[in-house]
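In: only geometry, no sequence info:
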Ligand SMILES: [Fe+2]
Ligand SMILES: [Fe+2]
């Protein structure tokens, strides 16, 4: 069952641990003039996510859903949300847009380019295209500029029901990062892109938000991908 926690002003982490797979599945609700959900979750998750959203806002008022890439846990419930929130607009990359359309799921999407900003009010989501995500299809991640939070989707995720400690945390993070990247060159390109941002928190799609020693995780991932 999902739980909700406000991890920054107006930023709510909605999370559920799946013991079979050994990871958490996270969504983020951003409460601003344009309420936004980051990651749609799968259809099996909708009820729990909705219950968490209802605690703080009316789900019918959702304006955007950021879909990092075309995979069940990131976009499985997308059309369900479109039924619940009439004005909601999925924010997607070009490849995801093609899948959503081609599978007959939806054509009502907002396709973003690298660096494009989606204004939510106080918050601004800068969209970063990711050259080939884990299934070799390009995805996006978003950086909220006012709170300096990178919503990194599968990147920088970690395993476990509770945060791993010390080297085990780094090892899990590096392992999942490498699994998500098809080549060292792609990994280096992504790292270069995020290193240029002033990041206060990495809010991951799985695992736990990272607020400390962020440059050291960039270094660890960079070294592992090149070795
Ligand atoms: Fe994924
Ligand atoms: Fe994921």
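Out: Looks like it came in fine. The shown structure was predicted, so the numbers you read here are calculated from the model rather than taken from an experiment. Residues are numbered from 1 along each chain as shown. Ligands and ions are numbered 1, 2, ... in the order given.
In: run a quick neighbour tally on whichever residue of the chain sits closest to ligand 1.
Out: Nearest residue of the chain to ligand 1: residue 71, at 4.0 Å (CB to the ion). Bear in mind the C-beta positions are built from the backbone N, C-alpha and C, glycine included. When neighbours are counted by other CB atoms under 10 Å, residue 71 registers 21.
In: what separation is there between it and residue 11?
Out: Distance from residue 71 to residue 11, counting by CB to CB, to the nearest Å: 23 Å.
In: show the end-to-end separation of stretch 82-90, please.
Out: 9 Å (CA to CA, to the nearest Å).
In: who's in contact with the residue nearest the centre of the chain?
Out: Taking CA atoms, centre = their mean, the centroid of the chain lies closest to residue 153, which sits 3.1 Å from it. Shown in contact with residue 153 (CB atoms under 8 Å, 6 or more residues apart in numbering): 39, 68-69, 74, 130, 133, 139, 141, 204-205.
In: just give the nearest non-adjacent residue to it, would you?
Out: residue 68 (3.6 Å; CB to CB, 6 or more residues apart in numbering).
In: quick check: that neighbour is in a strand.
Out: No. Secondary structure of residue 68 (DSSP: H, G, I helix; E, B strand; the rest coil): coil, not part of a strand.
In: ok, it touching residue 137?
Out: No. Assessed by CB atoms under 8 Å, residue 68 is found out of contact with residue 137, at 11.0 Å.
In: who has more neighbours out of the two?
Out: residue 68 (28 against 17).
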